[in-house]
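> One predicted model, sequence on top.
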Amino acid sequence: MNLVLRAHHTSVYDGFREQAEKKLGRLDRYLPRIDDVVVEVAREDTKAAAHRYTVQVTVRAGDAILRAEERGADPRVALDEAVAVLSRQAQRHGKRLHDWHRRGAAAGAGEGQAAASLAPAREAREDDGAESADEYIAGKVVRVKRFDAKPMSQEEALAQMDLLGHDFFLFLNARSNDYALLYKRNDGGYGLLEPERG
């Protein structure tokens, strides 16, 4: 596991890296192949001391990306909460992989073929040196995210959206070879936007 620690508007105490490695190392029970982990710690001047520190953790495990962001009065508390969220996401992801392997084997497909069909696209790969502002400025783009887009089915896009915990997911539709946007509806269902070229 390659751990990258970034601090914004704060310095992190010496033992924080070791704590992060220990806590995040436990995710290998659910994710056998953890490649990179980025932990970002930011301090904000908030009225509520309980939300002073923000810890965002991004885990890349194969083609899957898991992300959690939590706040706390102390970076250690926020880290613990983010790791708990990631553990739940990793368990769901592992169960989904297991179910898809079983379905693929039952349908006569080999495990390798089932695993190949479960390769969700990378979402939100930020450039290491990219500048991004988190404050809102009316009428201006304040943050840019870049990501690799590889063709996937609607089912794979739905699984990746669920894994990330997002309400929407932009993907390259394997059927049409065009971009499509999957989103969560207020009624609990899902919608799909497929732009047509004019």
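Now that the structure is in, tell me what you want to look at. A quick note: this is a predicted structure, and the numbers were derived from the prediction, not measured.
> And the helices in this protein, which stretches?
16-25, 75-106, 111-117, 154-164 (DSSP state H).
> Ranking those by mean neighbour count, which comes first?
Ranked by mean neighbour count under mean count of other C-beta atoms under 10 Å, those are led by helix 154-164, which reaches a mean of 19. For glycine as for every other residue, the C-beta is placed from the backbone atoms N, C-alpha and C.
> If you count contacts, what does that one end up packed against?
Judged by 3 or more C-beta pairs under 8 Å, 6 or more residues apart in numbering; DSSP states H and E, helix 154-164 is in contact with strand 64-72, helix 75-106, strand 168-173, strand 179-184.
> and it with strand 64-72, angle?
30 degrees (axes from the mean of the first three to the mean of the last three C-alpha atoms, to 10 degrees).
> I'd like the distance from helix 154-164 to the chain centre, please.
11 Å (C-alpha atoms, centre = their mean, to the nearest Å).
> now the angle from it to strand 179-184?
Using the same axes, to 10 degrees: helix 154-164 against strand 179-184 is 50 degrees.
> coming back round to it: turn the helices of the chain into JSON lines, including mean pLDDT and distance to Thr58.
Converted to JSON lines, these look like this (pLDDT from 0 to 100; distance: least, C-beta to C-beta, whole Å):
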{"stretch": "helix 16-25", "mean pLDDT": "89", "distance to Thr58": "11"}
{"stretch": "helix 75-106", "mean pLDDT": "80", "distance to Thr58": "9"}
{"stretch": "helix 111-117", "mean pLDDT": "40", "distance to Thr58": "23"}
{"stretch": "helix 154-164", "mean pLDDT": "85", "distance to Thr58": "10"}
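> Now distance to Glu196 too, for the helices and strands packed on helix 154-164, in TSV please.
Output for the helices and strands packed on helix 154-164, formatted as TSV (distance: least, C-beta to C-beta, whole Å):
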stretch	distance to Glu196
strand 64-72	29
helix 75-106	31
strand 168-173	12
strand 179-184	11
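> Of these, which is nearest Lys140?
strand 168-173 (20.9 Å; C-beta to C-beta).
> What pairs with the closest one, parallel or antiparallel?
When pairing is defined by DSSP bridges, strand 168-173 lines up against strand 151-152 (parallel), strand 179-184 (antiparallel).
> Identify the residues contacting the nearest residue to Asn2 once chain neighbours are set aside.
Using C-beta to C-beta, 6 or more residues apart in numbering and skipping residues adjacent in sequence, the residue nearest Asn2 is Asp36, 4.9 Å away. Going by C-beta atoms under 8 Å, 6 or more residues apart in numbering, Asp36 touches 1-2, 4, 58-60.
> now do 7 Å
Taking C-beta atoms under 7 Å, 6 or more residues apart in numbering, we find Asp36 in contact with 2, 4, 60.
> Among these, which ones are in strands?
Among those, the members found in strands (DSSP state E) are 2, 4, 60.
> any idea which of those is the one closest to Gly72?
When those are compared against Gly72 (criterion: C-beta to C-beta), the nearest one is Val4, at 20.6 Å.
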